[in-house]
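Q: Dropping the sequence and predicted coords here.
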Amino acid sequence: MKLLISAGGTGGHIFPGIAVAEAFIAKDTNNNVVFIGTTYGLEGKIIPQYGFKLLYIKARQFSGRNVLYKIATLIRLLQGIYMCMGIIKKEKPDAILGMGGFTSVPTILAGFLLGIPRFIHEQNVQPGLANKILSKYATATFISFEATRGYLNKGSIYHTGNPLRKTLKVSQEKKLEGTFVIFIFGGSRGARSINESVLTLLPYVESYKNTIMYHQTGSEDYMRIKEAYETTNVKHEVFPFTEQMEKYYSLSDVVISRAGATTIFELAYFKKAAILIPYPFSAGGHQWKNATHIESIGGGYVIGNDEATGERLHGVLKHLMDEPKLLKEMGENIGKIYVDNAAERIIRTIEDERMSA
């Protein structure tokens, strides 16, 4: 069987797509996967590293621009559909999977015009504009959060969870007894506003007992943040980037992070209480909606980007340090949204729907 996956733009779309592709190949070595993306997203840097074929099309976002931009985008969409139809005719996939975002729009619409079984996956609580449109043309829609069901039109909707990379799920790390460990990160590139917030938090942390801080800063802020830590007595490890996220998740008591869907489901897998600082410019405010959903089920605290001062973070951290039972409960609560074998669920449903079509 051959699967065409459209995944581009950000890691939040790309990595779940890679997780599905890896599970698809692992299920049967005769299976084949081809990716579709654009030349200006992260897909060109990430997908080839995993050994998958990547083909490029023209596509771009609709929202937040003037009328002339939207007209130009419509022209680009038509070009993208034409390019996708050419790719589909050449590659002859048995099914198409769109991982959301504007890259998926021409791919799914081309699949619709050619009568190929087509599926979409929504990572966030509230679907973006692309998936809201595409759900009307999809054979079935996969959702990460059960709460997403209420945002979509009726149709074949499957709660599969959000696929995670297999490498993330292996960790032998054990945290030291009697320590309180804080893991901070703002995504693979870091988040300057979170880094700034932590700098104002450090004077408070100096008074904490047996506390360790692990901080992924991003490459641009690394030296500045590292030097700031070194002026304190806080036990720490600061790094620009890590391929060992599972290590730091496993070692931590609480995580301070953004609220992208991949991050949320990684926290759920490791059952880690979170202080979520949503990225304020995420499309459609989806990170804020993800974060408030987690807060509503008792899995974390939400602090607005402009409100994330050292004093505010200190207040939440001290409360969690003083209430270890609450900390554990929060981890258990966020863990409830995790769906095991999400990639395998998606593949199985694609196979079943394709056979019944």
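A: Now that the structure is in, tell me what you want to look at.
Q: now residue 275, what's its secondary structure?
A: The three-state label given to residue 275 by DSSP: H, G, I helix; E, B strand; the rest coil is strand.
Q: what's the closest non-adjacent residue to it?
A: residue 256 (4.7 Å; C-beta to C-beta, 6 or more residues apart in numbering). (Glycine included, C-beta is placed from N, CA and C.)
Q: elements contacting the helix or strand hosting residue 202?
A: If you go by DSSP states H and E, residue 202 is part of helix 192-205. Applying 3 or more C-beta pairs under 8 Å, 6 or more residues apart in numbering; DSSP states H and E, one finds that helix 192-205 contacts strand 180-185, strand 211-216, helix 222-230, strand 254-257, helix 310-322.
Q: CA atoms only for it, dumped as CSV, please.
A: Provided in CSV are the C-alpha atoms of helix 192-205 (Å, rounded to 0.1, in the frame of the first residue of the first chain):
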residue,chain,number,x,y,z
ARG,A,192,12.7,34.5,24.0
SER,A,193,9.8,35.6,26.1
ILE,A,194,9.9,32.4,28.2
ASN,A,195,13.7,32.8,28.5
GLU,A,196,13.2,36.4,29.8
SER,A,197,10.5,35.2,32.3
VAL,A,198,12.9,32.6,33.7
LEU,A,199,15.6,35.2,34.1
THR,A,200,13.3,37.1,36.5
LEU,A,201,12.4,33.8,38.2
LEU,A,202,16.0,32.8,39.0
PRO,A,203,16.3,35.1,42.1
TYR,A,204,13.3,33.3,43.6
VAL,A,205,14.7,29.8,42.8
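Q: tell me the mean pLDDT over it?
A: If you average the pLDDT over helix 192-205, you get 96.
Q: Need the residues that contact it.
A: If you take C-beta atoms under 8 Å, 6 or more residues apart in numbering as the criterion, helix 192-205 is touched by 182, 184-186, 211, 213, 215, 217-218, 220-221, 225, 228-229, 232, 234, 256-258, 277, 305, 308-311, 313-314, 317.
Q: ditto for stretch 146-162
A: Residues outside stretch 146-162 that contact it (C-beta under 8 Å, 6+ apart): 16, 121-127, 132, 135-136, 138-145, 261-262, 264-265, 293, 337-340, 342, 345-346, 349, 353.
Q: Give me the distance between that stretch and the centre of its chain.
A: Taking C-alpha atoms, centre = their mean, to the nearest Å, one finds the center of stretch 146-162 at 17 Å from the center of the full chain.
Q: List the buried residues of that stretch.
A: By 16 or more other C-beta atoms under 10 Å, the buried positions in stretch 146-162 come out as 147, 148, 151, 152, 157, 158, 160, 161, 162.
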